[in-house]
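J.: sequence and predicted structure, then a few things I'm wondering about:
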Amino acid sequence: FLQAYWRADLQSALAHCQPGAVIELARSLPIATPAPVADILPLIFNNVYPKFTGGCFDVTVDSTLEQNNRVLVEYTARGKLLAGGSFECGYATVFEFVDGAVARLRMYTDTRYVAAALM
């Protein structure tokens, strides 16, 4: 899922999800969630990713933890912004799986920094 998410590949990302999979972002971001992943990813891909030079950024996975049907992935995204300057931010995403596919994900980050830089 994350590989597809990071390259803004909607169809591939959704292929890793259960029908009706839900995403939850911090309430301080200007995207209302929880909501269906299929509704939120196009908003992110169309409104956030284009703010990066070339529409993309680099990602380093810092750590992962797994327990039962949950996986936590900590990663850092870095890129050059079209408006000038660099972007570097840490994220943590908790995935809940059902039958090997994402059923729910919760994403955590420095929302003040992300909103100022990307929204």
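T.: Structure received. Small disclaimer: the values here were computed from a predicted structure and weren't measured.
J.: ok, Val48 touching Thr109?
T.: No - between Val48 and Thr109 there is no contact under Cβ atoms under 8 Å: 11.9 Å. Every C-beta, even on glycine, is put in place using the N, C-alpha and C of the backbone.
J.: next, the buried residues of the host helix or strand of Gln3.
T.: In this structure, Gln3 is located in helix 2-6 according to DSSP states H and E. By neighbour count on 16 or more other Cβ atoms under 10 Å, the buried set for helix 2-6 is 2, 4-6.
J.: swap in stretch 66-84?
T.: Buried residues in stretch 66-84 (16+ other Cβ under 10 Å): 71, 73, 75, 77, 79.
J.: now the buried residues of helix 2-6 in a markdown table, with pLDDT and distance to Arg27?
T.: Shown next, in a markdown table, are these (pLDDT from 0 to 100; distance: Cβ to Cβ, whole Å):
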| residue | pLDDT | distance to Arg27 |
| --- | --- | --- |
| Leu2 | 93 | 23 |
| Ala4 | 95 | 26 |
| Tyr5 | 92 | 21 |
| Trp6 | 92 | 24 |
